[in-house]
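J.: What follows is a protein structure lacking sequence information:
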């Protein structure tokens, strides 16, 4: 009887841990090393205009260590900002412009919003992100955090929302990793702000 209780306890603990973003982050990193992730890669100019978009099933992103600055002992003084990306066995190098890499199941609500609203004509007396979130409550109702991502010149380029949002340090210079409801997002050379959704909703 005790053995069954122990087995049930272990199963419950496994299920609980499997729902944690930290575990999913770790498992995602292991998966990326072994077989790669299924992601959408998008790069942007300073005006938040998309330069290119690549979608692949076996994507791996890492810093190209040849460009890291090291001291005499070989320790890294400054991490490499050059990305060495493999997409289904093909190579892609990237540095400089803003880039997002995100799970194919993650919805960019900024992209959805811009399809229906002329952003250049939005009333500037209402903060942009507040207006967007309030106009798209069907995407954000009940969510706990909203991530607004901007180009290096400060222009909004993407927005994600989720009930469970966590952020992590990355081995890549000027990059941050996030888990949004268990889905992966890498932000490279972008400005970003993470808000509690309640701060933005005008109820």
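T.: Great, that's in hand. Source: prediction; values computed, not measured.
J.: So which residues of the chain form strands?
T.: 37-44, 50-63, 69-70, 76-78, 83-87, 90-94, 98-103, 145-150, 156-162, 165-169, 175-180, 183-188, 191-196 (DSSP state E).
J.: The longest one - contacts with which helices or strands?
T.: With contacts defined as 3 or more C-beta pairs under 8 Å, 6 or more residues apart in numbering; DSSP states H and E, strand 50-63 has these neighbours: helix 21-34, strand 37-44, strand 83-87. In short, each C-beta sits where N, CA and C put it, glycine included.
J.: and with 7 Å instead?
T.: strand 37-44, strand 83-87 (3 or more C-beta pairs under 7 Å, 6 or more residues apart in numbering; DSSP states H and E).
J.: In a markdown table, list the strands of the chain along with mean pLDDT, mean neighbour count and distance to residue 131.
T.: Below are those laid out as a markdown table (pLDDT from 0 to 100; neighbours: other C-beta atoms under 10 Å; distance: least, C-beta to C-beta, whole Å):
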| stretch | mean pLDDT | mean neighbour count | distance to residue 131 |
| --- | --- | --- | --- |
| strand 37-44 | 92 | 20 | 21 |
| strand 50-63 | 90 | 16 | 22 |
| strand 69-70 | 76 | 10 | 43 |
| strand 76-78 | 72 | 11 | 39 |
| strand 83-87 | 91 | 19 | 33 |
| strand 90-94 | 92 | 12 | 32 |
| strand 98-103 | 94 | 22 | 22 |
| strand 145-150 | 93 | 22 | 12 |
| strand 156-162 | 92 | 24 | 11 |
| strand 165-169 | 86 | 16 | 21 |
| strand 175-180 | 91 | 22 | 22 |
| strand 183-188 | 93 | 22 | 23 |
| strand 191-196 | 92 | 15 | 13 |
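J.: Any chance of those strands in CSV with distance to residue 132 as columns?
T.: Output for the strands of the chain, formatted as CSV (distance: least, C-beta to C-beta, whole Å):
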stretch, distance to residue 132
strand 37-44, 18
strand 50-63, 18
strand 69-70, 40
strand 76-78, 36
strand 83-87, 29
strand 90-94, 28
strand 98-103, 17
strand 145-150, 9
strand 156-162, 7
strand 165-169, 17
strand 175-180, 17
strand 183-188, 18
strand 191-196, 11
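J.: Out of the ones you listed, flag the one nearest residue 133.
T.: With respect to residue 133, and counting by C-beta to C-beta, the nearest of these is strand 145-150 at 6.1 Å.
J.: tell me the angle the closest one makes with strand 183-188.
T.: 30 degrees (axes from the mean of the first three to the mean of the last three C-alpha atoms, to 10 degrees).
J.: Could you say which one of the strands of the chain comes nearest to residue 112?
T.: strand 156-162 (9.1 Å).
J.: from what I can see residue 134 touches residue 201, true?
T.: Yes - judged on C-beta atoms under 7 Å, residue 134 makes contact with residue 201 at a distance of 6.4 Å.
J.: what is residue 101 paired to in the beta sheet?
T.: Beta-bridge partners recorded for residue 101 (DSSP bridges): residue 41, residue 186.
J.: Pull up the gap between it and residue 47, please.
T.: Noted for residue 101: a distance of 20 Å to residue 47, by C-beta to C-beta, to the nearest Å.
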